[in-house]
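**Student:** Okay, here's the prediction I keep looking at, along with the sequence it came from:
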2 protein chains.
Amino acid sequence: MANIQQVAAEAGVSVATVSRYINKPDTVAPKTRVKVKEAIQKLNYEPSSLGRNLRKSESRLFIVLIPSISNPFYFEIIKGIETEALKKQYNIMLCETASDPEREEIYFELVRTRMADGIISMDPAVNIKTLQEMSDRYAIVQCSEYSIDTDIAYVSIDSVSAAYQAVKHLINIGNKKIALINSDKSFLYARQREEGYLKALEEYNITKNDDYIYYTDELDFQAGERAMRAILNNEERPTAVFAVSDVLAIGALKTIQAYGLKVPDDIAVVGFDKISFSNMTNPTLTTISQPMYEMGRTAAKMLLDKIKGEEIESVILDHELVIRESTLV
Amino acid sequence: MANIQQVAAEAGVSVATVSRYINKPDTVAPKTRVKVKEAIQKLNYEPSSLGRNLRKSESRLFIVLIPSISNPFYFEIIKGIETEALKKQYNIMLCETASDPEREEIYFELVRTRMADGIISMDPAVNIKTLQEMSDRYAIVQCSEYSIDTDIAYVSIDSVSAAYQAVKHLINIGNKKIALINSDKSFLYARQREEGYLKALEEYNITKNDDYIYYTDELDFQAGERAMRAILNNEERPTAVFAVSDVLAIGALKTIQAYGLKVPDDIAVVGFDKISFSNMTNPTLTTISQPMYEMGRTAAKMLLDKIKGEEIESVILDHELVIRESTLV
DNA sequence: TTGAAAGCGCTAACAA
DNA sequence: TTGTTAGCGCTTTCAA
């Protein structure tokens, strides 16, 4: 593999000229340009990022931390991030933490060793303390899920208001006994969505029933199934259920149907996220739509600004209730 | 950010000693070790990969090319790849090509510029010629989907035999009118699965009916729905359908039910891949299980060997038919 | 418009 | 066991 020296020798110019030809061709005389161009072609030369990165003290790579690669919630966000990154000649490393501190540490290390220029974190549940420490020295942005115990900038939606709206919709179509399938309360969004749920109940003078609230330990379909089974074990079953994610809602849907009950006639269901599969279930799922693509783009822009050394501010984006068959009256 | 020079000065030793302390601590005298250790702690030193990478002419990073990040088929494969990579202190860059040559070119460029040490390609449909050229100079392995027009090593399953087995199962439970939802024939697996389908029909003297074969242009749920609608438009409807992927099969399932038909009573359905969704549908989906995790691990091992300069050989792994509700008699 | 030369941070061959 | 030094491939300043 040819290097810049060989190209320079072949073209009969200095390495500086070759470098200029690659980075600022305008500053090279036309005749010289031709010579260099020919030498590059002849030797099949490709400049090495290794040398350039060292010289410029940057890697033009940043890390996107997600808890789980198989959670469809992240797909559009990632696309948004990628679009913005590629536009600025950056590449991203998609890293699954599996909410495991050791895995996360591997990726933090990539930033500390300058292998990556920054981090977009979608999983601050893991090791907030280290994240905060890192953010003092490196570029970090939180996306979607965030921790308020840090001063790290984030982009997200107003989960309280979104959950409030979802539950209010269930009440408006005639439900009073409304279950909540929540994830672990260590997640900020879980606490916020419960707050919205309670706020709606309160507003309509519906007493909270603890038997109708279930906290899952996992975030997959099976967790939704288990949650719904537990809720259906109550003597008096609810007439509606709000799940804090579509994946959980789809698991719940399956269990409801396994019990021989109809959705929405016996039990109405609302999810959260509007993942693509939520339109494939039978009935299709009413859900909260987050502007995921926009969220990803915004996070990437913020990180890139931060890497450049600029000050950045947190952002809250809009959400929307999408009414489909699972709450059709 | 401190560099190795500053640490050496602080510890009163040479940079070589600091480097040795980091890479081969045993070769440093205990007393010196203490001095260096203290200096590193005091200065909060982290060695830069940028310098090391240039020096060693490696990035310890490789690229995993997938057509679509949202296709659940890849999840387990990626986990397998990641496990093996991390074990060898390698990191992976997950790159979505969207089957777009331009996107792919960006990632190829990362290898040419030494930003990445190799490629695991799961999408050779794009620009086979370039892939072949690249493989002459760089480490490349094909995983799952591969092109036989190249001499690039691959790991995959025997798609002909798997499809044959799936269709034979449909015949054995009493079906003669069996539709095929295939993807574009430019994919090798599509051609192979059709071959297996035809082989089974032939063996049981069932005449092929072209109206029962549909080629999708996309690979998502909606494509499966469209395919099934087209197939159900035939005067005589089939009693079974084999889809070359679970995602397509799930779309088909939805359409069949939308037409008021029962699965498996009216139409039996078999998918391919055993993605996690396939157990969430109602009825659950009969499918072919591929050893995805193992496939990923094998691909990573092969690539790492190739990067080391060793010769590698293609591998075919075993598959399995998983019978579930959608073909229950 | 071009070239010489320094230097980004590290590793490793060689010498002491 | 440690230090000196060359050099990985590139960009950029300065001088010509």
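**Tutor:** Thanks, I have it. Numbers count the residues shown, from 1 in each chain, chains lettered A, B, ... in the order given.

**Student:** which stretches of the stretch 1-150 of chain A form helices?
**Tutor:** A:4-11, A:15-23, A:30-43, A:49-56, A:75-87, A:101-112, A:128-137 (DSSP state H, counting those that start in this stretch).

**Student:** do the third one and DNA strand C meet at all?
**Tutor:** Okay, so that is helix A:30-43. Yes. Helix A:30-43 lies within reach of DNA strand C by C-beta under 7 Å from any atom of the strand, at A:31-32. The C-beta positions use only the backbone N, C-alpha and C, and glycine is treated the same way.

**Student:** List the buried residues for that helix?
**Tutor:** The neighbour-count check on helix A:30-43 (16 or more other C-beta atoms under 10 Å in any protein chain shown) flags A:32-33, A:35-36, A:39-40, A:43 as buried.

**Student:** Would you reformat the helices of the stretch 1-150 of chain A as CSV and include mean pLDDT and distance to residue B:231?
**Tutor:** Formatted as CSV, those follow (pLDDT from 0 to 100; distance: least, C-beta to C-beta, whole Å):
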stretch, mean pLDDT, distance to residue B:231
helix A:4-11, 96, 58
helix A:15-23, 97, 55
helix A:30-43, 96, 52
helix A:49-56, 97, 50
helix A:75-87, 95, 29
helix A:101-112, 94, 44
helix A:128-137, 93, 51
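
**Student:** Of those, flag the one that's most buried.
**Tutor:** helix A:75-87 (a mean of 21; mean count of other C-beta atoms under 10 Å in any protein chain shown).

**Student:** which residues touch that helix?
**Tutor:** Residues from elsewhere that reach helix A:75-87 (C-beta atoms under 8 Å, 6 or more residues apart in numbering or on different chains): A:62, A:64, A:66, A:91-92, A:94, A:120, A:122, A:143-144, A:275-276, A:292-301, A:304, B:69-70, B:96, B:106.

**Student:** how about 7 Å then?
**Tutor:** With C-beta atoms under 7 Å, 6 or more residues apart in numbering or on different chains as the test, helix A:75-87 has contacts from A:64, A:91-92, A:94, A:120, A:143-144, A:292-297, A:299-301, B:69-70, B:106.

**Student:** Pull out the buried members of the residues you listed.
**Tutor:** Using 16+ other C-beta under 10 Å, the buried ones in the contacts of helix A:75-87 are A:64, A:91-92, A:94, A:120, A:143-144, A:292-297, A:299-301, B:69-70.

**Student:** shaky segments in the stretch 151-300 of chain A?
**Tutor:** Across the stretch 151-300 of chain A, not a single residue meets the criterion (pLDDT under 70).

**Student:** Would you map the strands across it?
**Tutor:** Using DSSP state E, counting those that start in this stretch, the strands of the stretch 151-300 of chain A run over residues A:154-157, A:178-182, A:213-215, A:240-243, A:268-270, A:287-289.

**Student:** Looking at those strands, which is nearest to DNA strand D?
**Tutor:** strand A:154-157 (30.6 Å; C-beta to the nearest atom of the strand).

**Student:** Alongside DNA strand D, which residues does chain A contribute?
**Tutor:** Residues of chain A lying near DNA strand D by C-beta under 7 Å from any atom of the strand: A:1, A:3-5, A:15-16, A:18-20, A:22-23, A:46-48, A:50-52, A:54-56.

**Student:** again, only this time at 6 Å
**Tutor:** A:3-4, A:15-16, A:19-20, A:22-23, A:47-48, A:50-52, A:54-56 (C-beta under 6 Å from any atom of the strand).

**Student:** Just flag the most distant two among these.
**Tutor:** A:20 and A:50 (19.7 Å; C-beta to C-beta).

**Student:** Return the residues of the stretch 101-250 of chain A in contact with chain B.
**Tutor:** A:106, A:110, A:112-115, A:221, A:250 (C-beta under 7 Å from any C-beta of the partner chain).

**Student:** give me that answer again for 6 Å
**Tutor:** Proximity of the stretch 101-250 of chain A to chain B is confined to A:112-115, A:221 under the rule C-beta under 6 Å from any C-beta of the partner chain.

**Student:** Make TSV out of the residues you listed and add distance to residue B:77.
**Tutor:** Converted to TSV, these look like this (distance: C-beta to C-beta, whole Å):
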residue	distance to residue B:77
A:112	29
A:113	28
A:114	30
A:115	24
A:221	20
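
**Student:** Show me which of those are buried.
**Tutor:** Burial by neighbour count, judged by 16+ other C-beta under 10 Å, picks out A:112-115, A:221 from those.

**Student:** Check residue A:90 and give its pLDDT.
**Tutor:** As predicted, residue A:90 sits at a pLDDT of 96.

**Student:** Perfect, I'm done here.
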